[in-house]
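**Student:** My questions are about this predicted structure, shown below with the sequence.
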2 protein chains.
Amino acid sequence: MIGTPEAAQTKVQQRREERTSEIVAAAWALAREEGIAGVSLHGLARKVGMRQPSLYSYFDSKHALYDAMFADGNRRLLARLDALDLPDDPREALKVHTREFVQFSLDHPETNPLLFQRTIPGFEPSAGSYALAQQMLADSVRLMHEAGITDPGDVDCSIAMIAGLLAAQLSNDPGGDRWVRHLDRLVDLFVDDALARSTR
Amino acid sequence: MIGTPEAAQTKVQQRREERTSEIVAAAWALAREEGIAGVSLHGLARKVGMRQPSLYSYFDSKHALYDAMFADGNRRLLARLDALDLPDDPREALKVHTREFVQFSLDHPETNPLLFQRTIPGFEPSAGSYALAQQMLADSVRLMHEAGITDPGDVDCSIAMIAGLLAAQLSNDPGGDRWVRHLDRLVDLFVDDALARSTR
DNA sequence: GTCTATACTAAGATAGAC
DNA sequence: GTCTATCTTAGTATAGAC
């Protein structure tokens, strides 16, 4: 019922969550402009029209902000991957999934240092946020398995190879495709090699 | 002749260069302990028994220190690679060279962010220092060519793959070999693929 | 929840005596 | 070349009024 304490409470909470989301989005925008290390609470507050101490109403510390960004980035990545309509052929499914993962990272290069590297001194994601990252990884590994990459060492190599291509692309040719254009071919190469090794 | 102005000048310069080398070595030691971002002029001065402003007698700025470290790291890497006695077989030569490069990075993990990533905001190596890095890369590319990896795209992929393995190793299992143990096999995979593609 | 004011810490860099 | 002293800037975080 409108006007009851419960409804009011809910509305306040909702508004607060919206505001928190706005702040996290602004933090990502700032990270894109200045790099993840350039995200300061002063700059972030300016961006959302607040004073710096006011941010402490939403985040207990700078690391809590990082954690919220980490969770948010992983959630957005998972949403894109879940929205994929994967083909039946497992090899093609792996390619589509991998391409989408890489495309997300190219679309949002600012997420890379926080999500996939350990570039922020002292930051460790909370258990809940980390679980999101692990789910993403688990999906990738499952698709690799279904495509024939079953050996754990081969899985490690495949993931490292994809990460290597992506890192080279982002740091040397952001916006281009000099490295990532070889993705499909390399997935084929790794799948073929895994299949050849498993039937030997 | 001893005692002439020229000899004295030389001795002073030599002493100064030695002292500079000591400071750079201490900076690397500090980077190893605290990470490259943890290298502060205060901490470095403490380590070499000086006060922080005294370092400005040796380096005009923090970036000048980074540049000296960058040059020093590349010089040590080049020295190790040049000291290799490469086998005649080009494929084996590539493997030995690649292994040594990776081993250097594992032995000196603190060099990785400065030498091979762009992790320090605003730092660009000077032309002279950068030339050292390019020479290292040129040697690798030459060995790849001789082993049959001639297509520029294949060279890009090979380098990115090696960097990917190394990055995964350093950030997830430093001191272990979970990723780098697959190096030789992957070099073979890439060489075989390049050869198969070139004769097709 | 938001503000002003401020504490605290730490960094790079410069001035000037010795 | 090295020191003491200081400047300047910038960051996170807290106290307390409104």
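**Tutor:** All right, it came through fine. Numbering: from 1, shown residues only, chains lettered A, B, ... in the order given.

**Student:** In space, what's closest to residue A:63 - neighbours in sequence excluded?
**Tutor:** With C-beta to C-beta, 6 or more residues apart in numbering or on different chains as the measure, residue A:123 is the residue that lies nearest to residue A:63, at 5.8 Å, once sequence neighbours are left out. C-betas here are computed from N, CA, C, even on glycine.

**Student:** Please, where are all the helices along chain A?
**Tutor:** Using DSSP state H, the helices of chain A run over residues A:5-34, A:41-47, A:62-82, A:90-107, A:111-116, A:127-147, A:152-172, A:183-198.

**Student:** okay if I get those as TSV plus mean pLDDT and mean neighbour count?
**Tutor:** Supplementary listing: those in TSV, determined by pLDDT from 0 to 100; neighbours: other C-beta atoms under 10 Å in any protein chain shown:
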stretch	mean pLDDT	mean neighbour count
helix A:5-34	89	14
helix A:41-47	98	16
helix A:62-82	98	18
helix A:90-107	98	18
helix A:111-116	97	20
helix A:127-147	98	15
helix A:152-172	98	20
helix A:183-198	97	18
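
**Student:** Excluding sequence neighbours, find me the nearest residue to residue A:171.
**Tutor:** Counting by C-beta to C-beta, 6+ apart, residue B:118 is the residue found nearest to residue A:171 once chain neighbours are left out, at 5.4 Å.

**Student:** Check what pLDDT the one you found gets.
**Tutor:** In this prediction, residue B:118 carries a pLDDT score of 86.

**Student:** Wait, it touches residue A:170, no?
**Tutor:** No. Taking contact to mean C-beta atoms under 8 Å, the distance of 9.6 Å between residue B:118 and residue A:170 leaves them out of contact.

**Student:** Quick check: closest non-adjacent residue to residue A:182.
**Tutor:** Nearest residue to residue A:182, sequence neighbours excluded (C-beta to C-beta, 6+ apart): residue B:157, at 5.2 Å.

**Student:** list the contacts for the one you found?
**Tutor:** Taking C-beta atoms under 8 Å, 6 or more residues apart in numbering or on different chains as the criterion, residue B:157 is in contact with A:165, A:179, A:182, A:186, B:190.

**Student:** Let me see the backbone angles for residue A:150.
**Tutor:** Geometry field for residue A:150 lists phi and psi as phi -110, psi -30, criterion degrees, to the nearest 10.

**Student:** do residue A:39 as well
**Tutor:** Dihedral angles phi and psi of residue A:39 (degrees, to the nearest 10) take the values phi -80, psi 100.

**Student:** wait, what's in contact with it?
**Tutor:** With C-beta under 8 Å, 6+ apart as the criterion, the residues that contact residue A:39 are A:27, A:30-31, A:65.

**Student:** Spell out for me which residue occupies the centre of chain A.
**Tutor:** residue A:74 (4.0 Å; C-alpha atoms, centre = their mean).

**Student:** Which residues of chain A lie near DNA strand C?
**Tutor:** Near DNA strand C, the residues belonging to chain A are A:12, A:16, A:19, A:45, A:49-54, A:56-58 when assessed by C-beta under 7 Å from any atom of the strand.

**Student:** please redo it, this time with the cut-off set to 10 Å
**Tutor:** Counting by C-beta under 10 Å from any atom of the strand, chain A comes close to DNA strand C at A:12-13, A:15-16, A:19-20, A:23, A:42, A:45, A:48-58.

**Student:** For the residue in chain A that chain B sits nearest to, which non-adjacent residue is spatially closest?
**Tutor:** At 2.1 Å from chain B, residue A:164 is the closest residue in chain A, using C-beta to the nearest C-beta. Nearest residue to residue A:164, sequence neighbours excluded (C-beta to C-beta, 6+ apart): residue B:164, at 2.1 Å.

**Student:** For that neighbour, which residues are in contact?
**Tutor:** Listed by C-beta under 8 Å, 6+ apart, the contact set of residue B:164 reads A:160-165, A:167.

**Student:** Residue A:194 too?
**Tutor:** A:148-151, A:154.

**Student:** Just the buried ones out of the residues you listed, please.
**Tutor:** Of the members of the contacts of residue A:194, the ones counted as buried by neighbours, 16 or more other C-beta atoms under 10 Å in any protein chain shown, are A:148-149, A:154.

**Student:** quick one on the thing from earlier: dump the helices of chain A into CSV; add distance to residue B:78 as well.
**Tutor:** Below are those laid out as CSV (distance: least, C-beta to C-beta, whole Å):
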stretch, distance to residue B:78
helix A:5-34, 35
helix A:41-47, 41
helix A:62-82, 38
helix A:90-107, 32
helix A:111-116, 29
helix A:127-147, 37
helix A:152-172, 21
helix A:183-198, 29
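
**Student:** Quick check: which of these is nearest to residue B:37?
**Tutor:** helix A:111-116 (12.5 Å; C-beta to C-beta).
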